[in-house]
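Chemist: quick check, what structure comes out for this input:
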Amino acid sequence: MFSFFKKKTALAEPPAVLPGEPPVDSPLELPEAPAAPPPDPPAPALEPPARSAPEASAALEQSAAAEPQAEPARRSWLDRFRKTGPSEAPVTTRSVPVLAPAPEPAPEPAAEPSRSQASVALPKPVREPVAPLVPVALPGSPALIEPVAPPPSGAESGMADVGPAAQARRPWFDRLKLGLRRTGSGIAQVFTGTRIDEALYEELEAALLMADAGVQATEHLLADLKRRVKESKADTPAAVKLLLADAVAALLAPLEKALVIGEAEPTVIMVAGVNGAGKTTTIGKLTRHLAQGGVKVLLAAADTFRAAAREQLAVWADRNRVEIVSQEGGDPAAVSFDAVKAGQARGCEVVIADTAGRLPTQLHLMDELKKIQRTIGKAMPGAPHEVLLVVDGNTGQNALAQVKSFDAALGLTGLIVTKLDGTAKGGVLAAIALWSRERERTGGRPVPVYFVGVGEKLEDLQTFSAREFAQALLS
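Modeler: Sure, this is the predicted structure:
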């Protein structure tokens, strides 16, 4: 038997329907030749006979009538085929709307660069050298270069002398004034009024007591100030403030004395103090000043009690390029003895012995200091030549108690006051000065203040000047 089937050939894109033409109901369906039986070889394909245009058109119409339910697009194609013929290809026309050209977008304004980008693009500023404010003498010429700005007067700067010596210490004076700001701020507020009366003196008394000047020193300063105001006939609080600076400078004057080096060779200096006063750091700064002056210094690490004290002093010796004598776990007196003998053998000019911190209330610890002092005297007769006490300025009136206790045990020859920049109790120097004056009046020798410290840097330890201290306190 032979089977027949129909196969629809779909066109890739049927042509569009022209306006005014009816739709076609059925597409063109052509029968295909039956498949050959399996045993027989496939028959060669025969080409259909050629038809004329009228015959082809009639055959298409018959096929369309056989299947009335056809696609409208297919009928349209048949109608066009009837009109144009098989030799002509159908042409599809479409109307494409012509669009007006879009306006060109306006150029966006350039974004301003950010602060960080602008800073990168800018060239690096050139730092011009600042002209010195101090006149400089040219070699071989008596004339001086005129300064850009005149130096401030004594009233403006707080320094009475603006000579070369004062100008050399001007940086130190500025640091001292900054360090004493906490102590002097309460005293300076008293003179902001416009009247000189008992209320001003009462406020000044309270401010001096708050600065830990002590009762006796406060009474002494007030009596001296009233006398000066009466003699000078001052009528403004500003004038009274200047007179108070003169009274403070006069009270502190006995404390001003220079440390003498060279009377004995070597000059042996024994340094004592309570725990945390800054003995080892002060020794390092003092060694730096002496080494810069060409003095050969030898250090003795006699603080064998505190942990890492020997290593700390060794660091300062290495920084200052000086020699050090130390023994791990040795006796403090024995280390001091060996250091004095080594200083004599090596031709050193100064030997500084660092001792352990002692509380004045611990009598057995104070006896240890006495033993070190006696041992140094055995190593070199007359030594130690200087016994210095390092006092923490933050302790206030307790500093005066320390001075009295250590002086009774060792016989102090000088003081070093440290950490004045971190306290509002710098007025304790007035109490120490009054005690030193009374001690001298009873036949003893005064205990001067050799150095004061207002910071951790090497240049923050300088010699004490009563006038500078008074002016920095009240400026």
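Chemist: all contacts plus neighbour counts: C-alpha atoms, from now on.
Modeler: Fine.
Chemist: in the sheet, which residues pair with L388? Tell me.
Modeler: L388 has these beta-bridge partners by DSSP bridges: V271, G414.
Chemist: what's the burial count for it?
Modeler: Residues lying near L388 (other Cα atoms under 10 Å) number 25.
Chemist: give me the pLDDT value at it.
Modeler: L388 is assigned a pLDDT of 96 by the prediction.
Chemist: need the contact list for it.
Modeler: The contact partners of L388, by Cα atoms under 8 Å, 6 or more residues apart in numbering, come to 269-272, 412-416.
Chemist: rerun at 7 Å
Modeler: If a contact means Cα atoms under 7 Å, 6 or more residues apart in numbering, then L388 has 270-272, 412-415 as its contacts.
Chemist: hmm, G455 and L176 touching each other?
Modeler: No. With contact defined as Cα atoms under 7 Å, L176 does not reach G455; the gap is 9.3 Å.
Chemist: the two: which is more packed in?
Modeler: Ranked by neighbour count (other Cα under 10 Å), L176 and G455 place L176 first, with 25 against 17.
Chemist: assumed the more buried one was part of a helix.
Modeler: Yes. Counting by DSSP: H, G, I helix; E, B strand; the rest coil, L176 falls inside a helix.
Chemist: how close does it sit to E328?
Modeler: Relative to E328, L176 is positioned 39 Å away (Cα to Cα, to the nearest Å).
Chemist: pLDDT weak spots in the protein?
Modeler: Along the chain, the model assigns pLDDT under 70 to residues 1-166, 423-424.
Chemist: what are the ranges of the strands in it?
Modeler: Here the chain has its strands, by DSSP state E, at 267-272, 297-301, 323-325, 350-354, 386-392, 414-418, 449-453, 461-463.
Chemist: ok, back up a step: can I get the contacts of L388 in TSV including distance to R321 and neighbour count?
Modeler: Shown next, in TSV, are these (distance: Cα to Cα, whole Å; neighbours: other Cα atoms under 10 Å):
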residue	distance to R321	neighbour count
M270	20	25
V271	20	25
A272	23	25
L412	29	23
T413	27	19
G414	26	23
L415	26	22
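Chemist: which one of those residues is nearest Q189?
Modeler: Nearest to Q189 among the contacts of L388, counting by Cα to Cα, is L415 at 30.1 Å.
Chemist: mind listing what the closest one touches?
Modeler: Contacts of L415 (Cα under 7 Å, 6+ apart): 388-390, 447-450.
Chemist: ok, the contacts of L388 vs A207, which is closest?
Modeler: L415 (25.2 Å).
Chemist: let's see the distance spanning stretch 460-475 from one end to the other.
Modeler: End-to-end distance of stretch 460-475 (Cα to Cα): 19 Å.
Chemist: now do the helices in the stretch 251-400 of the chain.
Modeler: 279-292, 309-320, 332-346, 363-379, 397-410 (DSSP state H, counting those that start in this stretch).
Chemist: on that earlier part again, can the strands of the chain go into TSV with extra columns for distance to A249?
Modeler: Below are the strands of the chain laid out as TSV (distance: least, Cα to Cα, whole Å):
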stretch	distance to A249
strand 267-272	27
strand 297-301	33
strand 323-325	39
strand 350-354	31
strand 386-392	20
strand 414-418	17
strand 449-453	14
strand 461-463	15
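Chemist: wait, which of the ones you listed is closest to A308?
Modeler: strand 297-301 (10.7 Å).
Chemist: residues in contact with that closest one?
Modeler: 287, 291, 310, 313, 322-326, 335-336, 339, 343, 348-354.
Chemist: circling back to that earlier point, from the contacts of L415, pick the one nearest R195.
Modeler: V449 (36.2 Å).
Chemist: contacts only, for the closest one.
Modeler: V449 sits next to 255-257, 414-416, 464 when contact means Cα under 7 Å, 6+ apart.
Chemist: now do E205
Modeler: Here E205 is in contact with T218 (Cα under 7 Å, 6+ apart).
Chemist: cutoff 8 Å now
Modeler: So E205 contacts 218-219, 222 (Cα under 8 Å, 6+ apart).
Chemist: quick one: it from V229, how far?
Modeler: Note on E205: its distance to V229, by Cα to Cα, is 16 Å.
Chemist: got it, and G414?
Modeler: G414 sits 34 Å away from V229, going by Cα to Cα.
Chemist: same check on I261?
Modeler: According to Cα to Cα, I261 and V229 sit 41 Å apart.
Chemist: isn't A253 up against A466?
Modeler: Yes. Between A253 and A466 there is a contact at 5.4 Å, judged by Cα atoms under 8 Å.
Chemist: of these two, give the one with the bigger neighbour count.
Modeler: A466 (21 against 17).
Chemist: contact partners for the more buried one?
Modeler: Neighbours of A466 in contact, by Cα under 8 Å, 6+ apart: 248-250, 252-253, 255-256.
Chemist: what does R310 give?
Modeler: So R310 contacts 301-304, 326 (Cα under 8 Å, 6+ apart).
Chemist: ok, and the most crowded of the residues you listed?
Modeler: Counting neighbours by other Cα under 10 Å, the top entry in the contacts of R310 is A302, with 29 neighbours.
Chemist: now that residue: closest residue in space that isn't a chain neighbour?
Modeler: Using Cα to Cα, 6 or more residues apart in numbering and skipping the chain neighbours, the partner closest in space to A302 is P332 (4.5 Å).
Chemist: state the distance from the one you found to M270.
Modeler: Remark: distance between P332 and M270 (Cα to Cα) = 12 Å.
Chemist: next: E468.
Modeler: 28 Å.
Chemist: S465 too?
Modeler: 23 Å.
Chemist: likewise A264?
Modeler: As judged by Cα to Cα, A264 and M270 stand 14 Å apart.
Chemist: tell me the contacts of the nearest residue to G193 once chain neighbours are set aside?
Modeler: Closest residue in space to G193, ignoring its immediate chain neighbours: P237 at 6.7 Å, by Cα to Cα, 6+ apart. With contact set as Cα under 8 Å, 6+ apart, P237 has these partners: 191-196.
Chemist: make TSV out of those and add distance to G377 and neighbour count.
Modeler: Compiled in TSV, those are given as follows (distance: Cα to Cα, whole Å; neighbours: other Cα under 10 Å):
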residue	distance to G377	neighbour count
F191	52	20
T192	55	11
G193	58	11
T194	60	11
R195	59	12
I196	57	16
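Chemist: now for these: which two are most distant?
Modeler: Using Cα to Cα, the contacts of P237 reach their maximum pairwise distance at T192 and I196, which is 10.8 Å.
Chemist: residues in contact with A383?
Modeler: Counting by Cα under 8 Å, 6+ apart, A383 touches 267-268, 376-377.
Chemist: tell me how far it lies from A264.
Modeler: 9 Å.
Chemist: run through who's touching stretch 334-342.
Modeler: For stretch 334-342, using Cα under 8 Å, 6+ apart, the contacting residues are 266, 268, 298-302, 325-327, 351, 353, 372, 375-376, 378-380.
Chemist: swap in 10 Å and give it another go.
Modeler: Outside stretch 334-342, the residues that touch it by Cα atoms under 10 Å, 6 or more residues apart in numbering are 266-268, 270, 298-304, 324-329, 331, 333, 344-346, 348, 350-355, 372-380, 383-384.
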